[in-house]
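S.K.: give me a model of this one.
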Amino acid sequence: MAEPKTKATGQSVDAFLDAIEDERRRADCRSLVAMMREATKAEPEMWGAGIVGFGRYRYKYESGREGEWPIVGFSPRKGDLSLYLMPGVGSLGDLTAKLGKYKTGKACLYIRRLEDVDAKVLEAMITKSVALMKPQRVD
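M.R.: Numbers count the residues shown, from 1 in each chain. Modelled structure (predicted):
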């Protein structure tokens, strides 16, 4: 069975964030680090070349494939900040209706800039996501 491509690398999160050229994007990322650190009580780790993750959980698919992934995380992609909320955005109830401007995927929340959303609602979403994943947490 193939090994997961994206895993914790041990690379420096600070160096990764410092390399973000856009000052506002870099500040948004540092704010996300603070929110996710507070919610998970875990230090950030680099996962692959571009994901900052917090905490860990184990997964196993019906196919037998298994591995570890962050409880929550984010990646400063070219167009949006991609936030990984592992129980899935749909499990966060009516919080999304109060968030502001965003797009979603199954477990991803896409935000252009933090100023586009209500920071308190985003913090509540991250905290709820972490709480829902607590039974699967391994760190």
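S.K.: can you give me the helices in the protein?
M.R.: All helices of the chain, identified by DSSP state H, fall at 13-18, 23-40, 95-99, 119-133.
S.K.: where among those is average confidence lowest?
M.R.: For the helices of the chain, the weakest mean pLDDT is recorded on helix 95-99, namely a mean of 93.
S.K.: how about the CA coordinates for that one, as CSV?
M.R.: Extracted in CSV, the C-alpha atoms of helix 95-99 (Å, rounded to 0.1, in the frame of the first residue of the first chain):
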residue,chain,number,x,y,z
LEU,A,95,-21.9,28.9,12.3
THR,A,96,-21.1,29.1,8.6
ALA,A,97,-24.2,31.3,8.1
LYS,A,98,-22.7,33.9,10.4
LEU,A,99,-19.1,33.7,9.0
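S.K.: can you tell me what sits against it?
M.R.: Helix 95-99 is touched from outside by 89, 102, 104, 117-118, 121-122, 124-125, 128, with contacts defined as C-beta atoms under 8 Å, 6 or more residues apart in numbering. C-beta coordinates here come from the backbone N, C-alpha and C atoms, glycine included.
S.K.: so which residue is dead centre in the chain?
M.R.: What sits nearest the mean C-alpha location of the chain, by C-alpha atoms, centre = their mean, is residue 73, with 1.9 Å.
S.K.: grab the nearest non-local neighbour of it.
M.R.: The shortest distance from residue 73 to any non-neighbouring residue, by C-beta to C-beta, 6 or more residues apart in numbering, is to residue 53 (3.6 Å).
S.K.: list the contacts of that neighbour.
M.R.: 8, 44-47, 69-73, 84.
S.K.: which strand residues bridge it?
M.R.: Listed by DSSP bridges, the beta-bridge partners for residue 53 are residue 45, residue 73.
S.K.: make TSV from the contacts of residue 53 and add distance to residue 14 and pLDDT to it.
M.R.: As requested, those are arranged in TSV below (distance: C-beta to C-beta, whole Å; pLDDT from 0 to 100):
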residue	distance to residue 14	pLDDT
8	16	92
44	9	98
45	12	97
46	10	98
47	15	97
69	22	93
70	17	95
71	21	95
72	19	96
73	16	97
84	20	95
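S.K.: great, nothing more from me.
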